[in-house]
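**Student:** Okay, here's the prediction I keep looking at, along with the sequence it came from:
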Amino acid sequence: MPQTLPLNSYDEWSPLQEVIVGSAEHYTAHHVDTSFQLFYYDNVTPDPASGGGQDLLQIPQQLVDELNEDVTGLAEALAACGVTVHRPATPDKDIGIRSPFWDARATPALNVRDNTIILGDTIVETAPHVRARIFENDLLKPVLYRYFEDGARWQSMPRPALARGSLDTAYFTRQGIDVTHVTDTDTALPLDGLGLELIFDGAQCMRLGRDVLVNAANYNHQLALRWLRQTLPHLRFHLLDAIADSHIDSVVVPLRPGLMLLREPKYLSYLPKAMQAWDVIYPPAMDEGAFPDYTDFGFNIASRYIDMNVLSVDEHTVVVNSLYPELIRVLEDRGFTVVPVRHRHRRLAGGGFHCFTLDTVRAGACEDYLN
């Protein structure tokens, strides 16, 4: 395993030195329970499964193999840029997991951005929305412990029970969306007296030095924002009030101080006032025909905006899906060096290059970018 530098990652754009790239090994099925459907509701509507939380939606092995090829290509491209690449551990088979309240098929550590945030010299393990992901971070621990032994701080949000009734459906209710057909089929057991829990993913954050954007779309997320502010008082956490249902790295992606990718102009008003004055690149629209069709066996769990989920190597170099040449041209016209990497099954895997990576060492510091 490569040697590690001291943990240091405050932003999304300063020179990238070390990164964890996820693994799709044994990503052979989606466990389609209530926690999965509510998390991906906008993309998996209408309900893709019948019979409640025991259903597994199988992913054909050819697509798993192709996904692994593309993730390997990402790791190789980053290494060619001089970045030290770490990989999570991989189990040797599909793993079933069980709590006192539910059973699930475990998800591999592919979208490693989701269950961890690196905030400067601090590892923050988050509180997963999806039951199948509750032990996913264990696969990162061989790497994370090396940073801890080198002096990194390590904090963990309270682990959610994810029992029946833990998830807040307020985001859907405010939009007039009825999800009772999902919640009524939840086979998980309740935990008396628990109510709504602190539930949150790392990809609901975007880091800008001392300032961190935090999307909170429901009470689960609001509890997490409160925890972050209490636990890391030296940072400024800015509420993005339901800019999305959960993850924001296909909505707003800072490329360097003063410049960002933004999905559409309507999202400007959600951002801090200082950030609203930044220069904006709006990515070219993608239509459904630009993506593989999975309707014969499954569904899309990421939106058609997933290809703006890019990863910056530094302020002038960006890793972009080679299958999105329209965005590549836009970025090159703005003076960026683009590293094109193929990613075919991004809507099936639920993530892009930002999702698949956890940048553990960047050259930046805890600077003020929003003053």
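**Tutor:** Done, it's in.
**Student:** got the contact list for the longest helix along the chain?
**Tutor:** Secondary structure of the chain read by DSSP state H shows that its longest helix is helix 61-80. Counting by C-beta atoms under 8 Å, 6 or more residues apart in numbering, the neighbours of helix 61-80 from elsewhere in the structure are 16, 19, 21-28, 85, 87, 110, 313, 319, 339, 341-345, 348-349, 353, 356-357. All C-beta atoms are positioned from the backbone trio N, CA, C, and that covers glycine.
**Student:** So which bits of the helix or strand of the chain with the lowest mean pLDDT are buried?
**Tutor:** Taking all helices and strands of the chain together, the one with the lowest average confidence (mean pLDDT, DSSP states H and E) is helix 41-44, at a mean of 75. By neighbour count with 16 or more other C-beta atoms under 10 Å, helix 41-44 contains the buried residues 41, 43-44.
**Student:** Go through the contacts of helix 61-80 and flag which are in strands.
**Tutor:** Using DSSP state E, the subset of these located in strands is 16, 19, 21, 85, 313, 319, 339, 341, 357.
**Student:** what separates the least confident helix or strand of the chain from the chain centre, distance-wise?
**Tutor:** Offset of helix 41-44 from its chain centre (C-alpha atoms, centre = their mean, to the nearest Å): 16 Å.
**Student:** what does stretch 154-169 give?
**Tutor:** On the basis of C-alpha atoms, centre = their mean, stretch 154-169 is displaced by 17 Å from the centre of the chain it belongs to.
**Student:** so how far is Leu7 from Pro254?
**Tutor:** 20 Å (C-beta to C-beta, to the nearest Å).
**Student:** make that Asp33, sorry
**Tutor:** As defined by C-beta to C-beta, Asp33 lies at a distance of 34 Å from Leu7.
**Student:** List the contacts of the least confident helix or strand of the chain.
**Tutor:** Counting by C-beta under 8 Å, 6+ apart, the neighbours of helix 41-44 from elsewhere in the structure are 36-37, 172, 177, 179, 182, 245, 299-303, 347.
**Student:** low-confidence ranges in this structure?
**Tutor:** Regions of the chain meeting the criterion pLDDT under 70 cover residues 45-54.
**Student:** switch the cut-off to 80
**Tutor:** Judged by pLDDT under 80, the chain has its weakly predicted residues at 1, 41-54, 92-93, 287-288, 295-298.
**Student:** Return a ChimeraX selection command for the buried portion of the contacts of helix 61-80.
**Tutor:** Isolation of the buried members of the contacts of helix 61-80 (16+ other C-beta under 10 Å) is achieved in ChimeraX through the command below:
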select :16,19,21,22,23,24,25,26,27,28,85,87,110,313,319,339,341,343,344,345,348,349,353,356,357
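**Student:** For stretch 275-288, list the C-alpha coordinates in PDB.
**Tutor:** The C-alpha atoms that make up stretch 275-288 are tabulated as PDB, following Å, rounded to 0.1, in the frame of the first residue of the first chain:
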ATOM      1  CA  MET A 275     -20.700  33.000  -3.900                       C
ATOM      2  CA  GLN A 276     -23.500  34.400  -6.000                       C
ATOM      3  CA  ALA A 277     -20.900  36.900  -7.400                       C
ATOM      4  CA  TRP A 278     -18.700  34.100  -8.700                       C
ATOM      5  CA  ASP A 279     -18.300  33.400 -12.400                       C
ATOM      6  CA  VAL A 280     -20.400  30.500 -13.600                       C
ATOM      7  CA  ILE A 281     -20.100  27.800 -16.200                       C
ATOM      8  CA  TYR A 282     -23.400  26.200 -17.100                       C
ATOM      9  CA  PRO A 283     -22.800  22.700 -18.400                       C
ATOM     10  CA  PRO A 284     -24.400  21.800 -21.800                       C
ATOM     11  CA  ALA A 285     -27.700  19.900 -21.500                       C
ATOM     12  CA  MET A 286     -27.700  16.100 -21.700                       C
ATOM     13  CA  ASP A 287     -30.700  14.200 -23.000                       C
ATOM     14  CA  GLU A 288     -31.800  10.700 -22.200                       C
END
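**Student:** Name the residues of it that come out as buried.
**Tutor:** By neighbour count on 16+ other C-beta under 10 Å, the buried set for stretch 275-288 is 275, 278, 281, 283, 286.
**Student:** For that stretch, give me every contacting residue.
**Tutor:** Looking at what lies outside stretch 275-288 - C-beta under 8 Å, 6+ apart - the contacts are 208, 255, 258-265, 268-269, 304-305, 307-308, 324, 326-327, 330-331, 334, 370.
**Student:** Buried ones only from these, please, as a ChimeraX command.
**Tutor:** For selection in ChimeraX, the members of those meeting the burial criterion (16+ other C-beta under 10 Å) are listed in this command:
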select :208,255,260,261,262,263,304,307,308,324,327,330,331,370
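**Student:** Let's see which of the contacts of stretch 275-288 end up in strands.
**Tutor:** Using DSSP E, those in strands are 208, 255, 259-262.
**Student:** if I pick Tyr147, what's in contact with it?
**Tutor:** Residues counted as contacts of Tyr147 (C-beta under 8 Å, 6+ apart) are 4, 6-7, 123, 360.
**Student:** So which of the residues you listed wins on neighbours?
**Tutor:** Thr360 (26 neighbours; other C-beta atoms under 10 Å).
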